[in-house]
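**Student:** Based on what follows, work out the 3D shape:
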Amino acid sequence: MLRQFFAPALAVCGLAILAGCSPSQESQMPEKPIAEQQRLKQLSILAPQANKIPFTAEYHGKTITDHFNWLKDAGYPDVNDQPIIDYLNQENAYFNAFLAPKKRLVDTLFEEFKGRTNDTESSVPWIENGYDYKSYYKPGEEYLTFSRRKLESDEDVVFLSITELAEPFDYFIMDDWEISPNNQFIAYSYNTNGDERYRIVVRDLNTGEMLSDELNDTSGDIVFSTDSRSIVYGALATDRWYTESVKVHNLGSEQVNDKVMFAESNDGFFLGFGLTSSKEYLVISSSQSETSETYVVPASDFAATPIQLVSREQNFLNNVDHANGYFYIIANDTHTNSRLAKVSDKEPSYNNWETVIAGSDERYLMDMQNFQSFMVVTSRENGIERFTLYDYAGNNHDVAFPESVFSVFNGSNPEFEQDFVRINYNSMITPSTVFDYKVGSTALITKKVQEIPSGYDKSQYVTERIMAPARDGMMVPVTLVYKKGFKKDASQPMYLYGYGAYGSTVSPSFSTTRLSILDRGFSYAIAHVRGSDMLGHQWYLDGKLDKRMNTFNDFIDVARHLVAEKYVAQGNISISGRSAGGKLMGAATIQAPELWRSVTLGVPFVDVLNTMLDANLPLTPPEWSEWGNPIEEPVVFDYIQSYSPYDNIVAREYPPMLVTGGINDPRVTYWEPAKWTARMRELKTDDNLLIMRINMGAGHFSNSGRYGRLRDYAEEYAFMLASHGITQ
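**Tutor:** Here you go, the predicted model:
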């Protein structure tokens, strides 16, 4: 559960020269529309001005002054301070004032999005433990319904309706559900305010009655014991959001009596667990960004003492599965890009590990799933995903896919004994497709292609992968998509997306909402910057800690390359990113404001220094392994202060901005977007629009229903389109 960030700004003319802007390129930039902020002023609707209340703190002999620290409620996670609530409400009112005359555009976009959404979308059925399962939407409903039938029966029985569970609430998220091995019970976890503290409840599927069991303050994950009498869950710390222990709950007992299976005393580690594919072992992992400690417990005996496979002192990452008497481990112990090893479950010490797939500079091993007669390994080479099947005799082959740039991952494959693998596939121009691939075959069997009711012609769109030079000579992958007929003459607008943190990569995936901007003449690009793992684990390492600036530089250099290659003109690029990607947007806004037509900062992690200095915040200690600890290390303090977007706002002109947040967000707390907005509004010297939308009933992921999310996207696109003068 991570937040999934600059040197002082230079003069605009200086940055323009560094960008290599020629007069001809500048002349191609379309004239900007009338400033929205001016229109609102004419209507006597003034932008909120947050009060300035001096606050100072000293670290390493340096004084920090923060006039908007008061926006952080002292009682957090409860937010009851009336001046704070009043300010957030004023910002929301100002956002709505901007939105009011855009209602027609928002409604048009929403209907376009909705028209591409199958109102009765359903999954490909999957078989598990004697039942055939499926999920589907009923017409007009926001949430899924799940049903199943016995394999020897035609009777389909609904066992879970998220719509019914969500009905009493404005916000509802189902995190996990599991059915017991004896098929009698279902346990599910849910949250109703976005703070990601989940409640687990249990229902008897035979009687329909709820059991008395109710587990609060959990991480949401659930595993049943093989005898169906107990469940394993993650217990959150009372005053933090980290999972402090893995516990066993016996059905029918009180939560206070639950036994601790494993406890983590270091709040800088993330604790997780799950069953192996063989369902013979529970794997417990406690990890930071560069090390993980792993234990296994027999699934038949949750009372057994956990067996340690890897200690954190060994200082490498690992991912464990199990099949046929062996643990299989992807680990970066001998190579940065990881190897695949195996070891007997009878003698699993590290000294007994045998290499199955050696580490490679070219091939980055990412994930695996074991089956009884084969295993699947997903990897990436030169930024292109590979999906490889191995039998246990050492034979292997890659599954061939029809495009050169795509996204692929394991589908629903719950049966250890199955002789095929279900695959989810898509690309920037290919809708989500479900394939079955039978072992020993070379054919992909199409089980389902995403339906787009309003129509979609793939031949009318083009995607490509290019490489853009960064200032230090590294080549950064960029994935583009645009409508057929696009001209590389810098005449059309672009929407550029970026994220580079935690080794998480934005895959080149299909999006129905994106079609609305492609059809309006935009190109769309993803900058696969350092901090992600697009080009391997080292690509991630080169964007964290004291190399964090590479992420921001890569993004800006990608944009300048796209300008130089005439994909777009300077100043005609709208950019967007969420969470740590929102931090990237903040950095790009500070460093190169002249490049952007507009900026959307989604739940942005922009107040980096202050957050990393507060060890009492929910997720600060685990983040130190990603950004460094400025409390203990002066050099880290100085480095973070040099790039933290909030700390580097200066008086100058900036592009139009939309900032979003959630009042209950535990990952990027609400005051980060609020403080950014307040300080930016105080210092910026332009009349460009700056608006903020804070969801007062949600967290990191905004609205919870499928159509509610589409409405959010419509509002964000309306802001972006308006910045380009597009009103319909």
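**Student:** Helix or strand with the lowest mean pLDDT in the chain?
**Tutor:** Across the helices and strands of the chain, the lowest-confidence element by mean pLDDT, DSSP states H and E is helix 12-18, at a mean of 25.
**Student:** The closest residue to Asp686 other than its chain neighbours and Asn572, how far apart?
**Tutor:** Leaving aside its sequence neighbours, Asp686 sits nearest to Glu653 (CB to CB, 6 or more residues apart in numbering; 4.0 Å). All C-beta spots, glycine's among them, are computed from the backbone N, C-alpha and C. According to CB to CB, to the nearest Å, Glu653 stands 16 Å off from Asn572.
**Student:** same check, this time on Glu682
**Tutor:** In this view, Glu682 and Asn572 are 28 Å apart by CB to CB.
**Student:** Equivalent analysis for Glu254, please.
**Tutor:** Distance from Glu254 to Asn572, by CB to CB: 62 Å.
**Student:** Tell me which of the two has more neighbours.
**Tutor:** When Glu254 and Asn572 are compared for neighbours, Asn572 comes out ahead with 22 against 11, by other CB atoms under 10 Å.
**Student:** and the gap between Ile429 and Ile526?
**Tutor:** Separation of Ile429 from Ile526 (CB to CB) stands at 13 Å.
**Student:** Quick check: phi and psi on Asp194?
**Tutor:** Heads up, residue 194 is Gly, not Asp. phi 90, psi 0 (degrees, to the nearest 10).
**Student:** give the contact list for the spatially closest residue to it that is not a sequence neighbour.
**Tutor:** Leaving aside its chain neighbours, Gly194 sits nearest to Gly699 (2.6 Å; criterion: CB to CB, 6+ apart). Applying CB atoms under 8 Å, 6 or more residues apart in numbering, we find Gly699 in contact with Asn193, Gly194, Asp195, Glu196, Gly662, Ile663, Asn664, Asp665, Pro666, Arg667.
**Student:** Secondary structure of Gly699: a strand, I assume?
**Tutor:** No - counting by DSSP: H, G, I helix; E, B strand; the rest coil, Gly699 is not found in a strand; it is coil.
**Student:** Ser454 versus that one, what's the distance?
**Tutor:** According to CB to CB, Gly699 and Ser454 sit 31 Å apart.
**Student:** pLDDT score for Pro8?
**Tutor:** Pro8 is assigned 23 on the pLDDT scale.
**Student:** scratch that, Gly20
**Tutor:** 29.
**Student:** which is the next helix or strand following the strand ranked longest in the chain?
**Tutor:** Counting by DSSP state E, the longest strand found in the chain is strand 210-224. Where DSSP states H and E defines the elements, the next helix or strand beyond strand 210-224 is strand 230-236.
**Student:** what angle sits between that following strand and strand 210-224?
**Tutor:** Inter-element angle recorded for strand 230-236 and strand 210-224: 80 degrees (by axes from the mean of the first three to the mean of the last three CA atoms, to 10 degrees).
**Student:** ok, and what's touching strand 230-236?
**Tutor:** Identification of contacts with strand 230-236 by CB under 8 Å, 6+ apart yields 178, 187, 189, 197, 200, 202, 215, 217-225, 242-251, 258, 261, 271-273, 282, 302.
**Student:** just stretch 198-218 next, same as before
**Tutor:** Under the contact criterion CB under 8 Å, 6+ apart, stretch 198-218 has outside partners 159, 175-176, 179, 183-191, 197, 219-220, 222, 231, 233-236, 238, 249, 251-253, 255, 258.
**Student:** Restricted to strands, list these.
**Tutor:** 159, 175-176, 179, 185-191, 219-220, 222, 231, 233-236, 249.
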